[in-house]
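Engineer: Predicted model follows, preceded by the sequence.
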Amino acid sequence: MDMDSASSVVLQALTQATSQDTAVLKPAEEQLRQWETQPGFYSVLLNIFNNHTLDVNVRWLAVLYFKNGIDRYWRRVAPHALSEEEKTSLRAGLITNFNEPVNQIATQIAVLIAKVARLDCPRQWPELIPILLESVKGQDGLLQHRALLTFYHVTKTLASKRLAQDRRLFQDLASGIYSFACSLWSHHTDCFLQQVCARDEAAALNSLERTLLSLKVLRKLTVHGFQDPQQNMEVMVKYDIYHLYFLVSGRQVGSESPCREKLEKTIILYTKVLLDFLEYHPCAFIPLIQRSLEFAVTYVFTPAGEGVTFERFIVQCMNLIKLIVKNDTYKPAKNIDESKPESLEAHKIKTAFFTHPTLTEIGRRLVSHYFLLTEEELAMWEEDPESFAVEETGGDSWKYSLRPCTEVLFLDIFHNYSQTLTPVLLDMVQNLQGPTNVEDPVQLLMKDAVYNAVGLAAYELFDNVDFDQWFKNQLLGELQVSHHRYKLIRRRVIWLIGQWISVKFKSDLRPLLYEVILSLMQDPDLVVKSPVDDFEFRTEQFLPYLESIFGLLFQLLQQVTECDTKMQVLHVISCVIERVNTQIRPYVGCLVQYLPLLWKQSEEHNMLRCAILTTLIHLVQGLGAESKNLYPFLLPVIQLSTDVSQPPHVYLLEDGLELWLVTLENSPAITPELLRIFQNMSALLELSSENLRTCFQIINAYLYLSATEFLQNYGESLCRSFCDLLKDITNEGQVQVLKVVEIALKVSPILGAHMFQPLLPAVFRGIVDGERYPVVMSTYLGIMGRVLLQNFSFFSSLLSQMASECNQEIDHLLGSMIEMWVDRMDNITQPERRKLSSLALLSLLPSDNSVIQDKFCGIINISVEALHDVMTEDPETATFKDCMLMIHFEEPKLSDEEEPPTEQDKRKKLLALEDPVHSVSLQQFVYEKLKAQQAMMGDQNFGVLMETVDTELVRQLQEFLQAL
């Protein structure tokens, strides 16, 4: 098909693909998809979007198809890759003219050229940059703008490449064009300033657009184009902050001026260049420190900024000051002699700039001007108190929002210059002593701001403020002023106490504080109620207030409507439940009834659901065995949160698994529903994510809860999952899997061995081959010890199976295993496993098997080692006893600080009573086995056998056994 007819067919399909009618649209899209891999398709698209007479929507679609095609088919190695000939012709066609009249299409074409440049420039496309530079110098306004737009997108894309070779290429490019880029920015900036003075707004707007684009290019070149910008002083010389002074003062263009918005963007972009340069090249920034600080402080903290600054600009200037103050490169080492010269130079510049008067002025202005609540914030408090209370802070909000930005700057400056600023702040506090007149809004706002500063700087002020006295003499009284206008101070004081409580607050004052909190929580204003924070407290001090505070928290949870506020209240509820533990039981009835409703209402709010899960975790721990009454709600919640086929699992999985685990640990007995949830586990094990450890803990909890039912239902599928996991897992992961198998054998020796039978040959092989990794070997020996001691018939059949697989005699293989066991006993560090190994190998006695008799010395060696581990001497009777023996189950006596045992703790104790490690005396077992061997062999032969054992070991053995 020739080019013309191909063009008309593709043009028709693109026209149909812009239709609103799906019957027309779908077939056209399908047709275009099929053509994507046809030679010549992209050349046709290029002709279509370069034809300015065609419909804009059709041209737009042609550009998008071309752009997507670059991602899929431009690389040489891509399936259906474009031919080199076609690519050469396309590259030439893309840069023949920069005269696209439609802005949106021009931007897409620029992005598209940049995508090709990322793959081909400079090697296959050396002419791109020279042609762009030539076009940028042109006199035609449209052509110049489009070339500059493309130049920016190409520079941005090339700067983003991170391989060392690509970075070197970009640096070569930058050194060649930097001078031109600087002159371009200077030229357009000067033009703009002249046109503003001449009141030629249309021309000024055009120049400003070019100023912005050339500055975007310059930003990428300055930040990413030089490995060591100090060496290239041209960067420093050309990059003059005074340009920024002119631009900021140029904001005197009227607020109605069309230039206003673009000028603000340009100013912000310039500050971004400074911030980026400071971040990436702190040493090269040193010559700019003085001017940057002068500039930022002048506009933000002196009258020079009035009328010309705007919020986003103030934020950027504050961030500039903060990053200079905080930069580690600018701090000398503790030992001055070890400091780098550039650190000393920067420190000297900062010290000279931050004089006592400058710091005092910055500190005072931050608190008395920037910390004051604004009219908008106060109006928001009245209209939407919840949104006001949960205003965004934390994370990176200081980079973009004025309030968090001012607070972070205050903290950093206070931390670095606390000796100068502490007296300034204390003086401001002193001036505001006593209650403030409710009719004086200015004083109320000032007190709020100063208290905010004292709260933020709590750690720095530790030695300078007697907070306990201040609380009793001043703050307590302020909390009791009930006037509506004083709510501002009530809120700030309770927040302030929350800041100081973990820094300096006597525990004797806490009951007084709880009473205050109780009265505040009855305050009709939600904002005053919300900041009840998590505090370090003594449970006995808190208990008298528990019922009232918990009831009020529950009321608050129902009252508030914002997701964030509910999360905040749930967090406090969780903290209270966690601290008082089982003592919460009488008061949770209402909460238990309300949570299902809240869960249902929060279907669209996964973060709120996470908070509910956390509350449920603490609730189940507080309720213990009584948590079974929650199962109708609890189990479906666990089911949903841990089902990886459900979209919400992305948010809920981690907390859902934690809830599943505590539910099992506190469950008094298995239920069919609780057993059924385990169907979610195989998919979770396949994920093999960071939650794997919790998954293993859940499996263990099922084994402790009801091993027989659990293994009968899920043993086979679990064994399959484990076999898959073990194919590709770290040594640590392998140990975690094997520990589960070990617990299964401990809880149910017969069924456990039967269910995990496919895994055991690998364990046997690992022992005989002498597994190198000690922790894995120790776990292998633990598993084999359980099988040998508690399921001998299974061990015999496993030994026969391994002998036939390895083509060895059974006795020879048994001998190899015992020899390796004795040799690697030191890999076992847990006393329980060491005793188990001794019991397991002793269980082979009495025996007339020559191999076992040949290894007798090793078995006795292990037994004496284990006796040393577990026997303690009773000083009164001078006899030894096995310290691992547990005779009967006792409920432990708990101190106030200790948490009561969970149902799982009780199950483990009962299991230990049946476990040979805790129910069989090693001393007695050794004695009986030796007696039986002696009886089998006769005294004389037994004596010969004992002679194979080291005499010192025999002496130690007799000492342990003398009482018997």
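Structural biologist: Nice, thanks for sending it over.

Engineer: Poorly predicted segments of this structure, please.
Structural biologist: Where the chain drops to pLDDT under 70, the residues are 1-4, 230-255, 385-395, 522-541, 543, 545, 688, 878, 888-898, 964.

Engineer: any chance you could map the strands in it?
Structural biologist: 871-874, 879-882 (DSSP state E).

Engineer: other SSEs contacting the first one?
Structural biologist: This points to strand 871-874. Applying 3 or more Cβ pairs under 8 Å, 6 or more residues apart in numbering; DSSP states H and E, one finds that strand 871-874 contacts strand 879-882. Placement of C-beta: from N, CA and C, glycine included.

Engineer: Same check on the last one?
Structural biologist: Applying 3+ Cβ pairs under 8 Å, 6+ apart, one finds that strand 879-882 makes contact with strand 871-874, helix 922-937.

Engineer: Quick check: phi and psi at residue 80.
Structural biologist: For residue 80, the backbone dihedrals are phi 60, psi 40 (criterion: degrees, to the nearest 10).

Engineer: do you know how far the nearest residue to it once chain neighbours are set aside is from residue 467?
Structural biologist: Nearest residue to residue 80, sequence neighbours excluded (Cβ to Cβ, 6 or more residues apart in numbering): residue 37, at 3.9 Å. From residue 37 across to residue 467, the span is 73 Å (Cβ to Cβ, to the nearest Å).

Engineer: next one: stretch 482-497 to chain centre, how far?
Structural biologist: Distance of stretch 482-497 from the chain centroid (Cα atoms, centre = their mean, to the nearest Å) equals 35 Å.

Engineer: buried stuff in that stretch?
Structural biologist: Across stretch 482-497, burial judged by 16 or more other Cβ atoms under 10 Å covers 486, 487, 488, 489, 490, 491, 492, 493, 494, 495, 496, 497.

Engineer: now the first one, nearest residue through space, not along the chain?
Structural biologist: Nearest in space to residue 486, with sequence neighbours left out and distances taken as Cβ to Cβ, 6+ apart, is residue 438 at 5.5 Å.

Engineer: wouldn't that neighbour be in contact with residue 482 here?
Structural biologist: No. Between residue 438 and residue 482 there is no contact under Cβ atoms under 8 Å: 10.3 Å.

Engineer: hang on, residue 485 packs against residue 438?
Structural biologist: Yes. Between residue 485 and residue 438 there is a contact at 4.6 Å, judged by Cβ under 8 Å.

Engineer: So for these two, which residues contact both of them?
Structural biologist: The contact sets of residue 485 and residue 438 overlap at residue 444 (Cβ atoms under 8 Å, 6 or more residues apart in numbering).

Engineer: quick one: contacts for the residue nearest to residue 41 when sequence neighbours are not counted?
Structural biologist: Closest residue to residue 41 apart from its sequence neighbours, by Cβ to Cβ, 6+ apart: residue 35 at 4.8 Å. Residues near residue 35 by Cβ under 8 Å, 6+ apart: 10, 13, 41.

Engineer: Count the residues that sit near the second one.
Structural biologist: In other words, residue 13. Residue 13 has 20 neighbouring residues, counting by other Cβ atoms under 10 Å.
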